[in-house]
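# Curious how this folds, go ahead:
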Amino acid sequence: SKQGPKNWSVRLMNFLNRTYEATITRALKVKKVVLGLAVLLLAASIYLFTTMGGEFVPTLDEGDFVIQPVLKTGTSLSKTIEITTEIERILIENFPEVDQVVSRIGAAEVPTDPMSMEESDVIVTLKPKGEWVSADSKDELADKFKEALAILPGMEVEFTQPIEMRFNELITGVRADIAIKIFGENLGVLSSKAAQIEDLIRNVEGAADITVEKVEGLPQMAVKFNRSKIARYGLNVADLNEIVSMAFGGKTVGSVFEGEKRFD
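So this is what the prediction gives:
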């Protein structure tokens, strides 16, 4: 069927044709100006493209933080609990942006990733950005968190995100965005080379939260007994050794049964 001249699609096409004809007629009269502008825009876009930064896979803003406190090797469970509890208290009391803080210490019963007692994940959930008062961006808020946590001695912190942390670990075995791996048989040499690399990359622009994984060295306490004083009190070295080891590592006094499970 033939469409009438008042049909909306016909009117639209007529309007577009009239506009196009008028524009192309004017453009043909000033060809040099139009071509010059087109070349200028092309050159500007090429320059902009070459100077723009880029990422292969842009980082997803998950809206939450994972803070990983790195404590001294051999830190006990009770000390780790004490420090993570203090981290939770500092964040909740000083930052109204923080909604909840949950800490996970060590490895689970079925360990998906090996973690010792001095390693923990402090998961920080944040309120919506409209309610933030301490900072305008996540990077700025992370810096404020670092400043607040700097009062805790002997601790380094790494900042990441829950999903990002897990994916980094699955892909490279390391939780950080970038990892430098050194391979060799001598743990002492590996440790010293890692320390050298840390010094070299510490001042690289954009590098933050640089942490060297511990491959050697546990804290050790040497106890020397004054045997003459021990004899004066009627004690012996074997009993004192047991007391000292009990103070540091505890002692099994029996077993507790829960169904088929047995605990010291």
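
# Wait, a helix at Ala238?
Yes: counting by DSSP: H, G, I helix; E, B strand; the rest coil, Ala238 is part of a helix.

# can you tell me how far the residue most central in space within the chain sits from Asp264?
Compute the mean C-alpha point of the chain, and by C-alpha atoms, centre = their mean the closest residue is Thr160, 1.8 Å away. To Asp264, Thr160 is 35 Å away according to C-beta to C-beta, to the nearest Å. C-betas here are computed from N, CA, C, even on glycine.

# for Leu42, same thing?
Leu42 is 75 Å from Asp264, by C-beta to C-beta.

# which stretches of the stretch 1-150 of the chain have low pLDDT?
Flagging of the stretch 1-150 of the chain using pLDDT under 70 yields the residue ranges 1-6, 108-114.

# now with 90?
1-14, 50-64, 68-80, 104-121, 129-140, 142-143, 146, 150 (pLDDT under 90).

# pLDDT on stretch 230-241, on average?
In this model, stretch 230-241 carries a mean pLDDT of 90.

# Can you pull the phi/psi pair for Glu258?
Main-chain torsions, Glu258, degrees, to the nearest 10: phi -130, psi 100.

# change the start of the numbering to 26 and stick with it
Okay, using 26 as the starting number, the last item reads as Glu283.

# Near it, how many other residues are there?
Glu283: 7 surrounding residues under other C-beta atoms under 10 Å.

# Tell me what it is bridged to.
Per DSSP bridges, the residues bridged to Glu283 are Lys286.

# distance of it from Leu102?
20 Å.

# quick revisit: how much space separates the residue nearest to the centre of the chain from Asp202?
Using C-beta to C-beta, we find Thr185 at a distance of 8 Å from Asp202.

# now swap in Leu177 and tell me
Going from Leu177 to Asp202 by C-beta to C-beta gives 24 Å.

# Next: Arg43.
From Arg43 across to Asp202, the span is 56 Å (C-beta to C-beta).

# okay, the residue nearest to Ala204 when sequence neighbours are not counted: pLDDT?
Once flanking residues are discounted, Ala204 sits nearest to Thr197: 5.4 Å by C-beta to C-beta, 6 or more residues apart in numbering. Per-residue pLDDT puts Thr197 at 73.
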